[in-house]
Every structure is written in C-alpha cells, then in structure tokens.
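Participant: would you be able to build a 3D model of this:
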Amino acid sequence: MVKLKEPVHITFEELDDVVYLLKKVADYDLSGYSKSSLKRRVQRLMAMESMDLIDLKNAILNVNGFFGYFIQEITVNVTEMFRDPPFYQELRNAVFPYLQTYPQLRVWSAGCATGEEAYSLSILLQEEKLLNRSFIYGTDISQQAINTAKKGVYTVEKIKSYTENYNRVGMNSKFSDHYTAMYDAVIINNEYRNSILFSNHNLVSDNVFNEFQLICCRNVLIYFDKELQQRVLNVFYESLSLFGFLCLGTKESLYRQEMNANFKVINKSLNIYQKIK
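Facilitator: Okay, here's the model as predicted:
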C-alpha cells in the first residue's frame with residue numbers, strides 16, 4: 001500500500017520569507033502573486049519533496065538546479081493544445097478575418113507554459129493561410145517550461161486528448177498532419193517550431209518588448225493580486241497595436257479594470273477584446 005505524503009502547512013509570514021529570499025538571491029519577484037494560490041503551490045511542493053521550511057530555503061540557496069525546478073512547479077499552469085475549443089472557433093470567426101487585413105502579424109502567447117497554446121495558435125494561423133506572414137512569441141517565467149516548449153515534443157497520451165480538442169474546433173485537416181510520431185511521443189512539425197520564438201519573460205517585472213496584433217494570456221491573471229493584474233494589463237495595452245486583440249481566460253475579464261473603456265468587447269463569455277483607443 002502506497003503511503004501518502006504528509007500535508008505541509010506554512011503561514012503567510014513564512015511564505016513572505018520565501019518570496020523575499022527568491023527576490024534577494026535570484027531577482028525573481030513573486031510578491032504580486034495571489035498569496036493563497038502561491039501558498040498552496042509551495043505547500044504542495046514541500047509535501048512532494050518531504051521538506052520543511054528550513055529544507056526549502058537551503059535547497060533554494062544551495063542545491064544545484066533546484067531553483068529552476070521550484071519556479072517550474074510554482075508558476076507553470078495546466079495547459080493543453082486547443083484548450084476550450086469554442087475560444088479557437090471564435091478566433092477563426094471573429095478575429096482572424098480582421099487580422100487578414102495586416103501585411104505582417106505578430107502574436108504573443110504570454111505565460112505560454114510548455115508551449116501548447118503557442119503551437120495551437122500557429123496551427124490555427126496555418127489553417128487560415130496566415131502563418132507565412134505571422135511570427136509568434138511564446139514567453140514564460142519558467143526556463144524549464146520554455147526548454148520543453150522549444151522541443152515541441154509531447155506524449156502520445158497528451159496527443160489523444162489534444163486531438164479531441166482539435167476535432168471540436170472543426171478544422172479542415174487532420175490533427176496528425178501537424179506532427180510526426182516518434183514511438184511513445186510526437187514532435188510538432190518544423191514549420192510550426194520555426195514560426196515561434198520561445199523565451200523567458202516575467203510578467204511581474206518585465207516590460208513591453210514589441211508591438212502585437214494579437215495577445216493571448218489565458219488563465220494566468222487569476223494567480224495575480226489586483227495590483228499586479230492591473231500592471232500586467234497595462235503592459236498588454238501598451239504592447240497592442242491599435243485595433244489589436246487581447247484574449248484572456250474564462251475566469252478573467254477587463255470588467256472593473258481602469259482600461260475597460262479602451263477596449264471593445266468581441267466576445268464577453270470568452271473574454272476576447274479589441275483595443276479601440
């Protein structure tokens with residue numbers, strides 16, 4: 001019988017100590033993350049590794065490779081290719097016809113985790129014959145997640161569920177046309193891997209780095225407190241070209257945000273917005 005890991009509990013004051021340590025030793029600022037969410041994730045990691053608070057601090061300071069692992073576990077969100085098929089259907093129907101008018105397109109998948117959303121956007125752009133004039137930036141705070149995204153390799157088990165999502169979007173081609181099988185995994189086709197630049201970017205502290213016609217940041221802001229949400233939305237606003245599109249997660253929105261008046265609602269339930277001023 002497998003023995004379950006003992007639950008670990010830390011106080012918010014102890015969590016603040018960990019956040020301060022990360023800022024001090026590696027200049028990673030997690031102070032704007034939702035404390036309740038961050039606390040749950042840190043406690044989960046400590047339980048998995050059978051650590052107390054002293055063990056955790058020592059590992060952050062002294063154990064080679066632990067810092068990257070810690071950031072990966074704490075910040076990377078659950079993701080899938082073509083997650084929420086109605087969202088991708090709406091991109092095709094309501095957003096891409098407008099994007100067709102641009103001679104060049106820049107797309108930002110912010111908080112891209114291990115790359116599934118960025119590759120989904122790339123495939124969607126190819127289906128709509130827009131990929132040859134598009135370039136996608138996939139960014140995340142976790143370098144380990146970025147390294148995984150760059151490889152474009154996913155297990156067959158994951159691909160089975162991704163195929164179900166893809167089929168629900170209603171594409172013209174088969175999902176298998178977009179990857180090559182390799183034993184127990186698949187690799188996304190080279191044309192899609194070449195269309196995306198994956199790089200490290202911290203939404204908490206980094207600023208505007210380009211101008212985009214489409215920004216997708218879905219199910220990331222829910223982990224931030226209100227002040228940080230506003231800061232990140234300001235970065236997105238400054239990064240969007242006029243009449244560019246911003247896509248947020250199903251539990252996120254621009255309502256009650258100061259910049260609400262700067263956007264037109266394209267789809268309220270799917271949180272797709274267009275910058276109008």
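Participant: can you list contacts of the lowest-mean-pLDDT helix or strand in the chain?
Facilitator: Lowest by mean pLDDT, DSSP states H and E among the helices and strands of the chain is helix 66-75, with a mean of 84. Helix 66-75 is contacted by residues 25-26, 28, 30, 38, 41-42, 44-45, 59-60, 140-145 when judged by Cβ atoms under 8 Å, 6 or more residues apart in numbering. For glycine as for every other residue, the C-beta is placed from the backbone atoms N, C-alpha and C.
Participant: what lines up beside the longest strand belonging to the chain in the sheet?
Facilitator: In the chain, with assignment by DSSP state E, the single longest strand is strand 240-248. Partners of strand 240-248 in the sheet, by DSSP bridges, are strand 212-217 (parallel), strand 272-275 (antiparallel).
Participant: nearest to Ser239, of these?
Facilitator: Evaluated over the strands paired with strand 240-248, closeness to Ser239 peaks at strand 212-217, with 5.5 Å, by Cβ to Cβ.
Participant: mind listing residues that contact the closest one?
Facilitator: 95, 99, 102, 105-111, 117, 121, 137, 203, 232, 236, 239-241, 244-249.
Participant: just the buried ones from the residues you listed, in PyMOL syntax?
Facilitator: To isolate the buried subset of the contacts of strand 212-217 in PyMOL, counting by 16 or more other Cβ atoms under 10 Å, use the following:
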select buried, resi 95+99+102+105+106+107+108+109+110+111+117+121+137+203+232+236+239+240+244+245+246+247+248+249
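Participant: picking that back up, ok, of the contacts of helix 66-75, which come out buried?
Facilitator: Here, 16+ other Cβ under 10 Å leaves 28, 30, 38, 41-42, 45, 59-60, 140-142, 144-145 buried among these.
Participant: of those residues, just say which sits nearest to Gln274.
Facilitator: Using Cβ to Cβ, the buried ones among the contacts of helix 66-75 come closest to Gln274 at Asp140, 25.2 Å.
Participant: touching, that closest one and Ala113? I think so.
Facilitator: Yes: if you go by Cβ atoms under 8 Å, Asp140 and Ala113 touch, sitting 5.8 Å apart.
Participant: so who does His178 touch?
Facilitator: Contacts of His178 by Cβ under 8 Å, 6+ apart are 123, 126, 188-189, 192.
Participant: which one (most neighbours) among those residues?
Facilitator: When neighbours are taken as other Cβ atoms under 10 Å, the top entry among the contacts of His178 is Ile123 (27 neighbours).
Participant: for Arg41, which non-adjacent residue is closest in space?
Facilitator: With sequence-adjacent residues excluded and distances taken as Cβ to Cβ, 6 or more residues apart in numbering, Arg41 is closest to Ile74, at 4.9 Å.
Participant: how far away is the one you found from Tyr33?
Facilitator: Distance of Ile74 to Tyr33, computed by Cβ to Cβ, to the nearest Å: 8 Å.
Participant: ok so, going back, in strands, which of the contacts of helix 66-75 fall?
Facilitator: Asp140.
Participant: can you pull out the strands in the protein?
Facilitator: Using DSSP E, strands in the chain cover 105-110, 134-140, 153-155, 179-182, 185-188, 196-200, 212-217, 240-248, 263-267, 272-275.
Participant: out of the ones you listed, nearest to Glu80?
Facilitator: The nearest among these, by Cβ to Cβ, is strand 153-155 at 9.9 Å.
Participant: run the chain-centre distance for that closest one.
Facilitator: Computed by Cα atoms, centre = their mean, to the nearest Å, the chain-centroid distance of strand 153-155 equals 17 Å.
Participant: contacts for that strand, please.
Facilitator: By Cβ under 8 Å, 6+ apart, the residues outside strand 153-155 that reach it are 81, 116, 162, 182, 184-188.
Participant: now the least confident helix or strand of the chain: buried residues?
Facilitator: Buried-residue list, helix 66-75, by 16+ other Cβ under 10 Å: 67, 70-75.
Participant: which one of those is nearest Asp52?
Facilitator: Phe70 (15.1 Å).
Participant: re the thing from before, and the two most separated of the contacts of His178?
Facilitator: Of all pairs drawn from the contacts of His178, the greatest distance, 11.5 Å, lies between Gln126 and Ile188 (Cβ to Cβ).
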